[in-house]
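Enquirer: Below are the sequence and a predicted model; questions follow.
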Amino acid sequence: MAKQNGTKPTQVVIFVEGDTDEVLFKALIEHYQTISKTEILPCKICNLKGVTRYSSKLVAKLQNEYLPEARKKGYQIQTICCSYDTDVFEARNPLIVNWAALRKTVKRMGIQEFLQLGIRSSIEDWILCDMEGICRYLGLSAISKSLKGTNGNTKLNDLYSKARKIYQKGYQVKELVASLDMSVIRKKNVDTLADFEKALNVTIQ
């Protein structure tokens, strides 16, 4: 049973900015379902296809799709979580999304909790947390101690080049992510994931 809020079951919606993020968070949620000692809340993943769409498409998706569906089916969206790569905000435009205004808009919709989940610096950095899993997937016998590149994407490309392959973002990472140890990725990012796990009712210990 989903966690109750009054008389209605509740649900979580996580918004992600791209296809790679969607694949990884799907795997992470499946991992939670396997290891959590308590039943986690139902969670939908909404891929906004770009961080700039947080300012427009997120609100439209809630108003036109998720909230009407919740009312129709008799449940309540208790929490929304916004996942995003922090590199865009660090290196380009820190005001690309007005989080304060977005938070207020979401609250006015009757959604109790608004979470920001910043992935430092990009989703590829989280993938690189499990070097053993990546090397196993690529068929590399030795784990490289140093990778060329200034960010997770270029470093992952360098690792792929050692196996004479090309890293491709997006849904092409499904096989790679399936080979990763999600417990390793979670452990190395546990502080960032703490609020999200609490919202999902995840209990590990």
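Expert: Alright, I've got the coordinates.

Enquirer: Find the residue at the geometric middle of this structure.
Expert: residue 25 (4.3 Å; CA atoms, centre = their mean).

Enquirer: Surely it is in a helix?
Expert: Yes: under DSSP: H, G, I helix; E, B strand; the rest coil, residue 25 sits within a helix.

Enquirer: Where does pLDDT dip in this structure?
Expert: For the chain, the stretches flagged by pLDDT under 70 are 1-7, 90-94.

Enquirer: Most distant residue from the centre of it?
Expert: Largest separation from the mean C-alpha position in the chain: residue 141, at 29.6 Å (CA atoms, centre = their mean).

Enquirer: so who does the closest residue to that residue other than its chain neighbours touch?
Expert: Leaving aside its sequence neighbours, residue 141 sits nearest to residue 135 (CB to CB, 6 or more residues apart in numbering; 7.7 Å). (Each C-beta comes from the backbone N, C-alpha and C, glycine too.) For residue 135, the contact set (CB atoms under 8 Å, 6 or more residues apart in numbering) comprises 141-144, 159.

Enquirer: which of those residues tops the neighbour count?
Expert: residue 159 (23 neighbours; other CB atoms under 10 Å).

Enquirer: Can you tell me the element it falls in?
Expert: helix 152-162 (DSSP states H and E).

Enquirer: Give me the helices and strands touching the next helix or strand after that helix, please.
Expert: Next along the chain after helix 152-162, taking DSSP H and E as the criterion, comes helix 174-178. Contact analysis of helix 174-178 by 3 or more CB pairs under 8 Å, 6 or more residues apart in numbering; DSSP states H and E lists helix 19-35, helix 131-138 as its packing neighbours.

Enquirer: Please indicate which of these has the most neighbours on average?
Expert: Looking across the helices and strands packed on helix 174-178 with neighbours counted as mean count of other CB atoms under 10 Å, the highest average goes to helix 19-35: a mean of 19.

Enquirer: ok, the residue nearest to residue 195 when sequence neighbours are not counted - contacts?
Expert: Computed as CB to CB, 6+ apart, the closest residue to residue 195 that is not its neighbour in sequence is residue 115, at 5.1 Å. Under the criterion of CB under 8 Å, 6+ apart, the neighbours of residue 115 are 79-82, 195-196, 199.

Enquirer: and with 7 Å instead?
Expert: 79, 81-82, 195-196, 199 (CB atoms under 7 Å, 6 or more residues apart in numbering).
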